[in-house]
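[1] pasting the structure only:
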């Protein structure tokens, strides 16, 4: 392989790296292969860990957009604050989890360091993005400063914002309106890098082509950086660190500039709930996400040795999730309805993996979830 072929191979590998995201498994990723047709993106079955995995983004024009949204990793209640197990959006090997809980009177300070929320100077929980951590930390600060009788209303108000499907659609429409010109520039740069440059170099050589190609790429790169920065200021004015990272990556690397649309969309809906973002997905994906959220709220896992405060926070917050979803028009109890029996000898099923069991089983040992009767309707008040 000659030097030019090696150079273009390295560029292709660098671009392939830019087209993947190492993402927590509790994050819902909606990927548009075209401009607006969102589908749920699945994690790579080959690369990943129990906590995170690789998501492939659209590598070819028209360079579709990916939205990332994560459920709250904490369960606040009027009496305290607890971490909660990440929302399980797919069956995978479980990561070790031990709930932490603090009464509000013991919370002295809440801060944010990148995507981690710190309580009393120590890391308490890690979120999927910097913006999600900042928004959630702001809510927790309000709860810590409020009186006990005011906290329930504050949590409900915050959950109503997280389940606001109208806000989601408005943001997405504004995103497409502000990035129309940027999408054209990114696609033009892709054509120049992936098509025009190799054809020109192999046809006429580098002596006569490097100067005009470099001038075109430099002009496109400057235009992409300026437009991406302007769009970021309009879309996410409360994200200065994301703005700085986007500007530097676009300015310093033409390959990173090609993925400017994905970088702009990363914090766009990070403060919303996956159930509200699922409205952009087609019906099969939407129904699956609804069922997974319902199972998470109605059927918690059996965990030994959990502090009573953590159990109380999780129980109270799960009931509020069900109520907030109902206010947004989602019936979680109906979504978690038991399946039809596969055989006359089966009496129960696991709400998480949907496996059915004969008489005598009480717990699904894979999911550590209580077996539910096939004929019973879910009841959030009876779950612990």
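    The structure has been received and is ready for your questions. On a predicted model such as this, the values are computed, not experimentally measured, just so you know. Numbering: from 1, shown residues only.

[2] and the next element down the chain from the host helix or strand of residue 177?
    Element membership of residue 177, judged by DSSP states H and E, is helix 165-178. Next helix or strand after helix 165-178 toward the C-terminus (DSSP H and E): helix 180-191.

[3] So which bits of stretch 153-160 are buried?
    Under the neighbour-count criterion of 16 or more other Cβ atoms under 10 Å, stretch 153-160 has 154, 155, 158, 159 buried. C-beta: built from backbone N, CA, C; applies to glycine.

[4] Farthest pair within those?
    154 and 159 (9.8 Å; Cβ to Cβ).

[5] re earlier: residues in contact with the helix holding residue 177?
    Under the contact criterion Cβ atoms under 8 Å, 6 or more residues apart in numbering, helix 165-178 has outside partners 35-36, 65, 67, 161, 230-231, 234-235, 264-265, 268-269, 272, 276-277, 279-280, 328.

[6] Could I have the buried ones of these as ChimeraX selection syntax?
    Typed into ChimeraX, the line below selects the buried ones among the contacts of helix 165-178, using 16+ other Cβ under 10 Å:
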select :65,67,231,235,264,265,268,269,272,276,277,279,280,328
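
[7] so residue 348 bridges to which residues?
    residue 357, residue 373 (DSSP bridges).

[8] Quick check: it touching residue 374?
    Yes. Applying Cβ atoms under 8 Å, one finds residue 348 in contact with residue 374, separated by 6.1 Å.

[9] When these two are compared, which one has more neighbours?
    residue 348 (23 against 16; other Cβ atoms under 10 Å).

[10] What mean pLDDT does the longest helix seen in the chain get?
    Determined from DSSP state H, the single longest helix within the chain is helix 206-235. Helix 206-235 shows a mean pLDDT of 92.

[11] related to what we said a few turns ago, just give me the closest of the buried residues of stretch 153-160 to residue 240.
    Among the buried residues of stretch 153-160, residue 158 lies closest to residue 240 (Cβ to Cβ), at 22.6 Å.

[12] Please identify the helix or strand for the residue lying closest to the closest one once chain neighbours are set aside.
    Of all residues not flanking residue 158 in the chain, residue 139 sits nearest, at 4.8 Å (Cβ to Cβ, 6 or more residues apart in numbering). Using DSSP H and E, residue 139 maps to helix 130-145.

[13] same question for that helix, mean pLDDT?
    Mean pLDDT, computed over helix 130-145, is 92.

[14] Name the surrounding residues that touch that helix.
    Applying Cβ under 8 Å, 6+ apart, the contact partners of helix 130-145 are 70, 72-74, 76, 81, 104, 107, 110-112, 114-117, 126-127, 151, 154-155, 158, 236, 238-239, 241-242, 267, 270-271.

[15] Mind checking which of the residues you listed are in strands?
    In this view, the contacts of helix 130-145 that belong to strands under DSSP state E are 70, 74, 76, 81, 110, 111, 112, 116, 117, 126.

[16] okay, the first one: pLDDT?
    Each residue has a pLDDT score; the one for residue 70 is 89.

[17] That one reaches residue 29, doesn't it?
    No. The criterion here is Cβ under 8 Å, and residue 70 misses it with residue 29 at 9.9 Å.

[18] list the contacts for the residue nearest to residue 188 when sequence neighbours are not counted?
    Distances taken as Cβ to Cβ, 6+ apart place residue 220 nearest to residue 188, at 6.1 Å, with adjacent residues excluded. Contacts for residue 220 (Cβ under 8 Å, 6+ apart) come out as 185, 188, 189, 192, 254, 257.

[19] And the helix holding residue 177, how far out from the chain middle?
    17 Å (Cα atoms, centre = their mean, to the nearest Å).

[20] May I have the predicted confidence score for residue 376?
    pLDDT recorded at residue 376 is 50.

[21] and stretch 163-180, what's its mean pLDDT?
    90.

[22] typed the wrong thing, it's stretch 105-124
    Stretch 105-124 comes out at a mean pLDDT of 91.

[23] mind listing what's buried in it?
    So for stretch 105-124, counting by 16+ other Cβ under 10 Å, buried means 107, 110, 111, 112, 115, 116, 117, 118, 119, 124.
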